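# Sequence and computational prediction follow.
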Amino acid sequence: RRREDAASDGAPQGCVFTPMVTGPQSKTDEEQAEFENSSDFANYFCTYEFLYHQKQMLEDQRRMSAYYSAIMDNAMRFKDKVVLDVGAGSGILSIWAAQAGAKKVYGVEATKVAKHANVLVKANHMDHIVEIIQCKMEEVDLPEQVDIIISEWMGYFLLRESMLDSVIAARDKWLKPGGALYPSRACMYIAPIFNGDALEKYKQYQETMNNWHEFLRETKGNYGVTMDCLTQSYTAEQWQHFMESAQWIDMPAEDLVGEACMIKEIDLNTATVEDYKKIDTTFSSRLSKNSRVSGFAGWFTTPFEGSPAAPASDPIMVLDTSPGTGYTHWGQQMFNIWPHQHANVGDVICGQIEVTRRQDNQRLLNVRITHSIEKASGKLAKSKHTETIWQIQ
C-alpha cells in the first residue's frame with residue numbers, strides 16, 4: 001500500500017529515452033533530448049512517464065471520485081469552456097472535462113506518457129476536443145486563454161514535488177480574468193499521534209548499529225584495517241535514515257491523540273510561489289486522551305470551489321486525506337520522535353513548524369518541528385523535545 005517515490009534519485013533501471021513529438025507545439029527532438037538530460041527530469045519527471053505509476057494513481061478511488069465528481073457535478077461550468085489540464089499524465093482529467101461539455105481542452109504533459117494520453121483520448125473519441133501537448137507547462141505556447149485550469153498537482157504533505165509552482169505559472173499566464181481553478185484551495189494539517197512505528201524504527205536502528213560494530217570487528221580481524229573512524233558518520237547517517245525521515249502511512253483515526261492544527265491555507269486564485277515556498281508558523285494541540293506521544297502526522301485537504309466569479313455548485317467537493325478517511329496514494333506523512341513523551345487529557349502540545357524546500361533538490365522537503373508539552377496545570381512537562389528536522393524524500 002506504499003506509494004512508489006515519484007522523485008527517485010535517478011532514472012529507473014532500463015529506462016531508455018527517445019524523443020516523442022505529438023504536434024507543432026511539442027518539443028523538437030533537440031529540446032526533448034536536452035530536457036531528458038536535465039537533473040529535474042532524472043529526479044522527478046522520469047518516473048511519471050511509466051504506465052505503472054499512472055496506474056497507481058488511477059487506482060486511487062478516492063482521488064478518482066473526487067476529481068470526477070468535482071468536474072461532472074459542475075458540468076454547467078465546463079460547458080462550452082476552454083480548459084487547461086496542467087500535468088495531464090494519462091489524460092483522464094482532460095477526457096472528463098471534454099465529457100462535461102468543454103469545447104476545447106489542452107492537456108499539457110512534460111513526459112512521454114503524453115503518447116499514451118493521446119492514445120487514450122482517441123480511444124475515447126475525444127480527440128476532436130482534447131489536444132495533448134508534450135511540453136513543460138512553463139514553456140508551452142497555447143493559442144488562446146483558458147476559462148478553467150484543472151490539475152492534480154498535490155504531493156506528499158501537499159507540497160512535495162513543487163508542482164503547484166507550475167499551476168501558479170499557468171494561472172498567471174493563461175487563465176482569463178474570473179476563470180476558475182479545480183481544486184481552488186488547499187489546507188495543510190498536523191496532529192500529535194501515538195503508534196508503534198517510532199519504537200520499531202528505533203529497534204531497526206539499534207540492529208543496524210549492532211551490525212556495524214560486528215562489521216568493524218570482522219574487518220579488523222580478517223583484513224587488518226581499522227574503520228572505527230567512520231562510526232560517527234555512519235551513526236548520524238543511520239539515525240537520519242531511521243528516525244529523521246518522514247514515513248508514508250495509511251493511518252487509522254485511532255492513532256490521533258490530539259486536535260488537528262491547520263498550519264497553512266493556500267488560495268490558488270491569489271497565491272504566489274513565495275506564499276508557500278517556506279512555511280513557518282506556530283501550532284497548539286490539546287490532547288484528547290491519556291497517551292504517550294510518538295510523533296506527528298501531516299496531511300492535506302483540497303476543496304474544489306471554483307472562483308468567486310464562477311463558483312462551484314453546492315455541496316462543494318473536498319478531497320480529504322486525513323487519518324481514518326480511507327486510503328489514498330498520498331496517505332499521511334508521519335514524523336516520529338524518540339523517545340516517546342507522556343501526556344494526559346487536557347495537556348497542550350505547542351510549538352513551531354517550518355516546512356522548506358531542500359537545497360539539494362527543490363522538489364523535496366525538510367520539516368522542522370520544535371515543541372513542548374504544557375501540562376493542564378500550566379507547568380511544562382519534564383521531558384521536552386526541542387527540535388527535529390525530518391526529510392520528506
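Structure received.
# check contacts around the residue nearest to Phe296 when sequence neighbours are not counted.
Leaving aside its sequence neighbours, Phe296 sits nearest to Phe335 (Cβ to Cβ, 6 or more residues apart in numbering; 4.6 Å). Placement of C-beta: from N, CA and C, glycine included. Listed by Cβ atoms under 8 Å, 6 or more residues apart in numbering, the contact partners of Phe335 are Ile190, Ala246, Gly295, Phe296, Ala297, Gly298, Val367, Ile369, Thr388, Trp390.
# buried sites along the lengthiest helix in the chain?
If you go by DSSP state H, the chain has its longest helix at helix 197-223. Of all the residues in helix 197-223, those buried under the rule 16 or more other Cβ atoms under 10 Å are Asp197, Ala198, Lys201, Tyr202, Tyr205, Thr208, Met209, Leu216.
# how does this protein divide up, domain by domain?
In the domain annotation for the chain, the residue ranges read 29-152, 187-194+247-392 (automatic domain parsing).
# average pLDDT across the lengthiest strand in the chain?
Secondary structure assigned by DSSP state E gives strand 291-304 as the longest strand of the chain. Model confidence over strand 291-304 averages 97 on the pLDDT scale.
# got it, and stretch 232-249?
96.
# same deal with stretch 321-337?
Taken as a whole, stretch 321-337 has a mean pLDDT of 97.
# now the end-to-end length of that stretch.
Stretch 321-337 has an end-to-end distance of 22 Å (Cα to Cα, to the nearest Å).
# Show me which residues of it are buried.
Going through stretch 321-337 with 16+ other Cβ under 10 Å, the ones that come out buried are 321-323, 328-337.
# Out of the residues you listed, list just those in strands.
Under the assignment DSSP E, the buried residues of stretch 321-337 contribute Gln332, Gln333, Met334, Phe335, Asn336, Ile337 to strands.
# Pick the one among those closest to Leu158.
For those, the residue nearest Leu158 by Cβ to Cβ is Gln333; the value is 9.5 Å.
# hang on, isn't that closest one packed against Gly155?
No - taking contacts as Cβ atoms under 8 Å, Gln333 lies outside contact range of Gly155: 10.1 Å.
# sorry, back to before: would you mind putting the buried residues of helix 197-223 into a markdown table with distance to Asp360 and pLDDT alongside?
Formatted as a markdown table, the entries for those read as follows, by distance: Cβ to Cβ, whole Å; pLDDT from 0 to 100:
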| residue | distance to Asp360 | pLDDT |
| --- | --- | --- |
| Asp197 | 26 | 95 |
| Ala198 | 26 | 94 |
| Lys201 | 23 | 96 |
| Tyr202 | 26 | 97 |
| Tyr205 | 23 | 97 |
| Thr208 | 23 | 98 |
| Met209 | 26 | 98 |
| Leu216 | 29 | 97 |
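# how about those in JSON lines, adding distance to Trp96?
Compiled in JSON lines, the buried residues of helix 197-223 are given as follows (distance: Cβ to Cβ, whole Å):
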{"residue": "Asp197", "distance to Trp96": "37"}
{"residue": "Ala198", "distance to Trp96": "41"}
{"residue": "Lys201", "distance to Trp96": "40"}
{"residue": "Tyr202", "distance to Trp96": "46"}
{"residue": "Tyr205", "distance to Trp96": "46"}
{"residue": "Thr208", "distance to Trp96": "47"}
{"residue": "Met209", "distance to Trp96": "51"}
{"residue": "Leu216", "distance to Trp96": "58"}
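# Between the residues you listed, which sits nearest Val86?
The nearest member of the buried residues of helix 197-223 to Val86, counting by Cβ to Cβ, is Asp197 at 34.6 Å.
# how long is stretch 242-262 end to end?
27 Å.
# farthest-separated two in the contacts of Phe335?
Put simply, by Cβ to Cβ the two of those set farthest apart are Ala297 and Thr388, 14.5 Å from each other.
# Neighbour count for the two, which is higher?
Taking Ala297 and Thr388 together and counting by other Cβ atoms under 10 Å, Ala297 has the greater number of neighbours (25 against 18).
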